[in-house]
Every structure is written in structure tokens, then in C-alpha cells.
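> dropping a prediction and its sequence here:
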Amino acid sequence: MLDYSSSGPEACDDVLIVGGGLAGLFCALRLAPRPVTVVSAAPLGEGASSTWAQGGIAAAMAEGDSIEKHLADTVAAGAGIVDEKVARLMVGDAPHRIYDLLDYGVPFDRDLAGQLEASREAAHSERRVVHVSGDKAGAAIMAALVTAVRETPSIRFIGDHPVEDVVMGRRGVRGVNARGPDGIVRLLPARAVVLATGGVGHLYAVTTNPPQANGDGLGMAARAGAVIADAEFVQFHPTALDVGQDPAPLATEALRGEGAILVNNRGDRFMQSVHPDAELAPRDIVARAIHHQIAEGRRVLLDTREALGAKIVEEFPTVAGYCREAGIDPVNEPIPVAPAEHYHMGGILTDAAGRTSLDGLWACGEVASTGVHGANRLASNSLLEAVAFAARIASDIAGRFPLAERNDVEAAHDAGDGSLPDAIAVARLRRTMALQVGVERDADGLAAALLTIGELEADCRSRSFLNTLTAARMIASAALARRESRGGHYRTDHPDDDEALRCRTFMTLEQAREFGEPAAAPVIA
Ligand SMILES: Cc1cc2nc3c(=O)[nH]c(=O)nc-3n(C[C@H](O)[C@H](O)[C@H](O)COP(=O)(O)OP(=O)(O)OC[C@H]3O[C@@H](n4cnc5c(N)ncnc54)[C@H](O)[C@@H]3O)c2cc1C
């Protein structure tokens with residue numbers, strides 16, 4: 001790997017990957033030895049949700065499991081709008097991508113016979129989630145990939161350079177504008193740009209995501225004219241640790257898979273009366289049930305004592321560590337939990353090859369919407385989606401641009417004024433999204449949220465915050481447009497699903513603006 005993080009790049013490759021999480025790094029490795037440039041907002045291996053993943057990756061590899069069963073669970077979780085053709089491709093690719101990760105050195109847990117171990121998570125009908133050291137899958141996968149990237153001379157890495165714009169020319173994408181630590185915005189020219197910028201957690205007051213997951217990739221694609229799909233579908237993890245931290249540490253679903261139960265402070269195991277699968281019901285149902293308990297003034301606790309006892313320390317060292325830091329002893333005490341923004345099912349619309357609606361722009365990982373998650377993601381299908389479509393994009397780009405070119409970096413023509421996002425405005429947005437575009441929504445709240453977003457846009461002088469606001473607008477507009485409840489989208493004014501709306505949402509920024517005009521024209525477009 002050639003590292004240009006500190007010096008700033010003078011040249012870059014014609015294939016440019018934006019984001020250094022699992023999707024971005026896997027795509028770069030799959031393109032090797034073709035030269036590629038990876039540009040990331042953070043240093044290599046940092047600032048990515050991928051590193052924080054605990055449970056693991058879903059792949060039908062255990063005895064008794066099958067691609068058909070994995071597909072059926074994925075389709076059932078997606079609440080009627082999964083693109084089955086694309087989902088079949090993903091679950092079919094899964095075992096191959098696990099073998100790729102093993103080749104890159106990922107030490108997945110094995111049983112005494114040397115077979116890959118798989119655990120069961122919520123809404124999976126089989127034990128199917130391959131993991132590392134219990135709950136350290138993300139860190140171990142990323143450590144292996146970072147080492148592989150460092151050992152790959154064809155990869156040029158530019159860290160600490162947040163990208164602010166996808167720059168379009170007359171015939172499609174021309175490159176991206178990236179801001180260096182010196183404050184200078186440079187145009188990195190490219191024939192192929194792959195956006196792999198992750199999720200939208202920091203649009204919300206409470207989230208499990210790292211700060212770089214602020215929706216800016218989705219926002220810049222929308223500003224460039226890309227079609228955004230299913231933006232209203234946001235998944236709230238039911239069991240983030242309720243200990244006042246930002247981001248909120250996660251108590252993995254695998255704990256409930258191992259038998260941990262949810263109780264309120266009166267000792268009621270309330271999930272039994274909510275869903276036949278109780279604690280293993282789909283995430284949105286568990287998150288809403290906890291949300292209601294909290295709204296009614298009760299605390300919710302995850303009790304692992306009977307299911308795991310002292311084993312939690314060895315089998316779930318990450319969660320046990322978070323508890324210790326917060327002064328909780330999970331061997332002897334239940335863990336306080338609350339829902340937190342965790343995953344965005346929606347994103348930049350892509351096809352099965354990862355192509356977006358803009359020529360020369362691909363997207364993969366959480367920022368993309370391939371259609372495999374529908375209205376609700378099946379646990380541990382997101383790391384799978386990241387590697388499955390990163391590999392597909394690598395093949396597509398290698399076929400389309402077999403001969404590599406290198407271009408000089410240029411000064412950006414339209415770089416904005418470089419202001420940092422205003423902390424008060426960011427806090428206002430995050431509060432608004434949590435209250436009005438969160439676990440439960442209604443028309444009045446969504447309309448009010450769009451007005452707030454418009455006001456914040458009108459005052460916005462930071463290009464990166466404008467991207468974040470644009471992502472917020474896309475989510476709130478799609479949520480207002482969908483007058484029913486489905487999967488991760490729950491409207492208190494339309495609590496039932498509507499068969500006529502059993503379809504995906506596709507929206508451009510121009511269309512989204514029709515749902516809530518800003519109070520004044522944005523300062524920067
Ligand atoms: C706590 C936690 C636990 C999870 N557990 C699991 C699990 O067990 N199984 C599972 O399947 N999924 C899990 N998920 C979800 C999964 O981790 C993510 O969906 C997945 O890692 C996303 O990968 P990605 O490469 O798309 O994004 P990320 O890994 O978030 O990487 C995004 C990259 O883009 C960079 N970036 C962002 N904005 C810019 C910009 N403007 N310019 C340049 N670079 C930018 C970031 O710095 C980062 O390098 C979990 C998520 C969290 C937060």
C-alpha cells in the first residue's frame with residue numbers, strides 16, 4: 001500500500017473508492033493488482049462501523065442449513081419488499097466470500113473438529129452467523145483486511161480526507177472533491193467512483209455508529225442526482241447500553257440468541273406477550289416494545305445471568321468490557337438497555353453489479369440500497385452485503401476499465417467556504433430526527449422535521465453538514481410519503497401495512513424537496 005495520508009495526494013488512480021470500512025477495503029483488495037485509490041475520512045482501520053461489528057457474518061455453511069433457508073429468512077425479515085433475485089445472489093455468494101475472508105487471514109472460530117462455528121441470531125431459523133472470539137468479528141475481520149491492504153502495493157490510501165462532493169461531468173462522474181487536513185479541497189479525478197461511506201447513525205441523538213457514519217455519502221450522491229431507495233427504513237437496535245454514552249455501546253443480539261431475556265424494572269418479561277418469538281422477534285418489534293416500556297416510564301434490562309452467568313466474560317468480552325466501563329457487573333446484575341439507531345436499510349439505489357443511477361458511480365455496503373434488506377435487515381446480513389457487492393463491483397469495474405490510468409490531482413473549482421459543521425445545528429438535527437423521524441413517526445412530526453431541516457439548510461455553510469442534512473431530508477421525505485407501517489418504518493397515524501404499498505421507494509433529491517420546501521434557498525447547493 002502507498003500511504004498518502006500525511007503528504008496529500010499529487011496523483012490518484014482512475015478507480016477511486018470512498019470509504020475504508022469493510023466494503024471499501026474488500027473492493028480494493030478484490031480489484032488488486034489493478035491500481036486503485038482509497039480515500040477515507042479517517043486513518044486506515046478507523047472510523048468504520050465494520051470494526052465495531054460484534055455478532056459476525058451470516059452464511060449458510062452449517063450442517064442442515066441451506067441457501068434456500070437463508071433466503072427465506074432474509075425475505076421474511078424484509079417485510080414484503082425484499083428484491084428476491086438480488087437477495088438470492090447475495091446469500092449464494094456468502095460461503096465464497098467467507099472463504100475469501102479466510103484467505104485474507106480472518107481467524108473465524110472453529111469447533112474441535114475444525115469446522116467453522118456458527119451461532120444463531122434473531123429471526124434466523126438456523127445457526128448461521130460465523131464469528132471470531134465470540135463477539136469480536138468486526139475488529140478481527142478489519143485487522144486482517146488492513147494487514148492485507150498494507151501488503152498490497154497496487155492500493156494507494158489517502159486517510160483523513162473526507163470527501164464532500166461527487167463531481168459530475170457531461171458524460172457522468174468526473175471524480176470527487178476531498179478536503180485535506182490542511183483545509184484545502186482537491187478534485188481527485190476518476191472514471192469510476194465507488195461510494196462505501198457507511199451509515200447514517202449520527203443523524204440521530206442515540207446511535208451505535210461511529211461519528212463518521214453521518215449520512216454524508218448518501219447526501220452527496222443525492223445532491224449529484226442519484227436515485228435514493230427505501231430511505232425511510234431505518235433500523236433501531238433494541239439493546240444499546242443505556243449508560244449515557246455517545247455513541248452508545250451495543251449489547252449484541254447474540255446474547256438473546258444464547259437465551260438472555262428482557263425484563264422491565266417491575267420484573268415483567270414483556271416480550272412474551274408481544275410476539276411468539278419473544279426476545280428473538282424481529283428487531284423492529286423488539287425495539288418498539290422497549291420504546292413503549294421506556295415511554296411509559298419504565299426501565300428495560302437485559303438479563304444474561306441465567307443464560308450465561310460467568311460465561312459472559314469469556315464468550316462476550318466486548319459487552320462485558322462495556323459493562324465494566326459503565327460500572328455494571330453483568331454476571332450478577334441485569335444490563336440497562338434502550339433502542340439506538342443502528343443500521344440504514346435504505347441508501348443509494350444500486351443494481352446487482354453495484355451500479356447506481358449515475359454513470360461511473362457505484363455504491364456498496366451500508367450506503368447502498370441493493371434491495372436485499374427490504375424494510376428490515378436480518379441480523380448479520382450487512383457485513384455479508386458489504387463483501388458480496390464489493391466483490392461484484394470489483395468484477396464489474398475490472399471488466400469495464402481493464403486498463404488503469406493515473407491522473408493529476410487538481411484544485412477544486414467549487415469548494416464551499418470550508419466551515420466546520422456548527423455543533424448547535426448538529427445537535428438540533430440529531431434531536432429532531434430522534435423525536436420526529438425515529439422509532440415511531442406521524443405526518444405532523446415528519447412535516448415539522450422537514451421544516452427544521454429546511455431552516456438548517458438555509459443557514460448551512462459547511463458542505464459536509466449539507467450532505468448530512470440532505471440525507472436527513474431524504475429519510476424524512478420518504479417516511480412522510482409512505483403512509484403505512486412496514487418493517488423498520490412505523491407510522492402511529494397509519495399503524496397497519498397496506499398491500500397497495502408493498503413496493504420499494506425510489507426518490508431523487510428534487511422529488512424529496514416537493515415534500516417540504518426549505519424556508520429559504522440553501523446557501524450552497
Ligand atoms: C456496533 C455495531 C455492531 C454491528 N454488528 C454487526 C454484525 O455483527 N453483523 C453485521 O452484519 N453487521 C453489523 N453491524 C452493521 C455493520 O457493521 C455495517 O453495516 C457495516 O460494517 C458497514 O460497512 P461499510 O463498509 O459500508 O461502512 P463502514 O464500516 O462504516 O465504513 C465507512 C467508511 O467510510 C468512511 N467515510 C464516511 N464518510 C466519508 C466521507 N465523506 N469521505 C471519505 N470517507 C468517508 C468512514 O471513515 C469509514 O472508513 C454493526 C454495526 C455496529 C455499529
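Alright, I've got the coordinates.

> which SSE is the spatially closest residue to Gly418 that is not a sequence neighbour in?
Spatial nearest neighbour of Gly418, excluding adjacent residues (C-beta to C-beta, 6 or more residues apart in numbering): Gly183 at 5.5 Å. All C-beta spots, glycine's among them, are computed from the backbone N, C-alpha and C. Using DSSP states H and E, Gly183 maps to neither a helix nor a strand.

> doesn't Ser419 make contact with Gly183?
No. Using C-beta atoms under 8 Å, Gly183 makes no contact with Ser419, being 10.3 Å away.

> which one's more surrounded, those two?
Ser419 (13 against 9; other C-beta atoms under 10 Å).

> and that one, backbone torsions?
As for Ser419, its main-chain torsions (degrees, to the nearest 10) stand at phi -70, psi 150.

> what separation do you get for it and the ligand?
16 Å (C-beta to the nearest ligand atom, to the nearest Å).

> picking that back up, for the residue nearest to Gly418, give me phi and psi.
phi 90, psi -10.

> and the gap between it and Met271?
Gly183 sits 50 Å away from Met271, going by C-beta to C-beta, to the nearest Å.

> what residue in the stretch 401-525 of the chain comes nearest to the ligand?
Going by C-beta to the nearest ligand atom, the ligand is nearest to Ser464 of the stretch 401-525 of the chain, at 6.7 Å.

> what's the answer for the stretch 351-500 of the chain, then?
Closest point on the stretch 351-500 of the chain to the ligand, by C-beta to the nearest ligand atom, is Gly365, at 2.1 Å.

> what's around that residue, how many residues?
For Gly365, using other C-beta under 10 Å, the count is 32.

> skipping adjacent residues, who's closest to it in space?
Closest to Gly365 by C-beta to C-beta, 6+ apart is Ala23, at 2.8 Å.

> do Arg400 as well
Closest to Arg400 by C-beta to C-beta, 6+ apart is Ala192, at 7.3 Å.

> ok, now which ones touch that neighbour?
14-16, 173, 360, 362, 397, 400-401 (C-beta atoms under 8 Å, 6 or more residues apart in numbering).

> how far away is the residue nearest to Ala352 when sequence neighbours are not counted from Gly354?
For Ala352, ignoring the flanking residues on the chain, the nearest one in space by C-beta to C-beta, 6+ apart is Val86 at 5.3 Å. Note on Val86: its distance to Gly354, by C-beta to C-beta, is 11 Å.

> okay, and the common contacts of these two?
Thr370.

> and these two? which has more neighbours close in?
The neighbour comparison of Val86 against Gly354 (other C-beta under 10 Å) goes to Gly354, with 29 against 17.

> my read: the more buried one touches Leu361, true?
No. The criterion here is C-beta under 8 Å, and Gly354 misses it with Leu361 at 9.7 Å.

> what segments of the stretch 101-250 of the chain are strands?
118-119, 129-130, 155-158, 163-169, 172-179, 185-189, 192-195, 228-229, 234-241 (DSSP state E, counting those that start in this stretch).

> please compute how far the fifth one lies from its chain's middle.
Relative to the centre of its chain, strand 172-179 is centred 22 Å away, using C-alpha atoms, centre = their mean, to the nearest Å.

> ok, it: who's next to it in the sheet?
Using DSSP bridges, strand 172-179 pairs in its sheet with strand 163-169 (antiparallel), strand 185-189 (antiparallel).

> quick check: the gap between Arg174 and the ligand.
17 Å.

> could you tell me how many residues sit around that residue?
Around Arg174 there are 18 residues (other C-beta under 10 Å).

> residue contacts, it?
167-168, 187, 189-190.

> also Ala226?
Contacts of Ala226 by C-beta under 8 Å, 6+ apart are 166, 348-349, 356-358, 361, 508.

> narrow the residues you listed to those in strands?
166, 348-349, 361 (DSSP state E).

> any idea how many residues pack against the nearest residue to Arg186 once chain neighbours are set aside?
Distances taken as C-beta to C-beta, 6+ apart place Val409 nearest to Arg186, at 4.9 Å, with adjacent residues excluded. Residues lying near Val409 (other C-beta under 10 Å) number 19.

> residues in contact with Val409?
9-12, 186-189 are the contacts of Val409 under C-beta under 8 Å, 6+ apart.

> between these, which is nearest Ala213?
Leu188 (21.8 Å; C-beta to C-beta).

> near the ligand, which residues of the stretch 1-150 of the chain? Just list them.
18-24, 39-42, 47-50, 52-57, 137-138 (C-beta under 6 Å from any ligand atom).

> in helices only, show me those residues.
Among these, the members found in helices (DSSP state H) are 22-24, 49-50, 52, 137-138.

> in CSV: those, plus neighbour count and pLDDT.
Shown next, in CSV, are those (neighbours: other C-beta atoms under 10 Å; pLDDT from 0 to 100):
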residue, neighbour count, pLDDT
Leu22, 31, 98
Ala23, 33, 98
Gly24, 30, 98
Ser49, 26, 98
Ser50, 30, 98
Trp52, 19, 94
Ala137, 28, 94
Gly138, 23, 96
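
> just flag the most distant two among these.
Gly24 and Ala137 (17.7 Å).

> helices of the stretch 201-350 of the chain, residue ranges please.
For the stretch 201-350 of the chain, the helices defined by DSSP state H, counting those that start in this stretch occupy 216-224, 254-257, 283-295, 305-308, 311-315, 317-325.

> between the ones you listed, which one is nearest to Gly371?
Across the helices of the stretch 201-350 of the chain, closest to Gly371 is helix 216-224 (C-beta to C-beta), at 15.7 Å.

> and that closest one, how far out from the chain middle?
With C-alpha atoms, centre = their mean, you get 15 Å for helix 216-224.

> try stretch 17-27
13 Å.

> do stretch 143-153 as well
22 Å.

> where does the stretch 1-150 of the chain get nearest to the ligand, residue-wise?
For the stretch 1-150 of the chain, C-beta to the nearest ligand atom, closest residue to the ligand: Gly21, 2.0 Å.

> spit out the contact partners of that residue.
48-51, 142, 196, 198, 365, 386.

> before we move on, the earlier item: farthest pair within the ones in strands among the contacts of Ala226?
Largest separation among the ones in strands among the contacts of Ala226 by C-beta to C-beta: Val166 and Leu349, giving 14.4 Å.

> and for the residue of the stretch 101-250 of the chain found nearest the ligand, the neighbour number?
Scanning the stretch 101-250 of the chain for the residue nearest the ligand gives Gly198, at 2.7 Å (criterion: C-beta to the nearest ligand atom). Gly198 has 32 neighbours, counted by other C-beta under 10 Å.

> list the contacts of it.
So Gly198 contacts 19, 21, 23, 48-50, 209, 212-213, 217, 365-367 (C-beta under 8 Å, 6+ apart).

> export those residues to JSON lines and tack on distance to Ala295?
Below are these laid out as JSON lines (distance: C-beta to C-beta, whole Å):
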{"residue": "Gly19", "distance to Ala295": "36"}
{"residue": "Gly21", "distance to Ala295": "33"}
{"residue": "Ala23", "distance to Ala295": "35"}
{"residue": "Ala48", "distance to Ala295": "33"}
{"residue": "Ser49", "distance to Ala295": "27"}
{"residue": "Ser50", "distance to Ala295": "32"}
{"residue": "Asn209", "distance to Ala295": "23"}
{"residue": "Gln212", "distance to Ala295": "31"}
{"residue": "Ala213", "distance to Ala295": "26"}
{"residue": "Gly217", "distance to Ala295": "32"}
{"residue": "Gly365", "distance to Ala295": "33"}
{"residue": "Glu366", "distance to Ala295": "28"}
{"residue": "Val367", "distance to Ala295": "31"}
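
> circling back: any of the ones in strands among the contacts of Ala226 buried? List them.
In these, burial by neighbour count holds for 166, 348-349, 361, counting by 16 or more other C-beta atoms under 10 Å.

> relative to Leu29, how far out is the residue nearest to Ala60 when sequence neighbours are not counted?
If the residues on either side of it in the chain are set aside, Ala60 comes closest to His70, at 4.2 Å by C-beta to C-beta, 6+ apart. Noted for His70: a distance of 24 Å to Leu29, by C-beta to C-beta.

> no further queries at this time; thank you.
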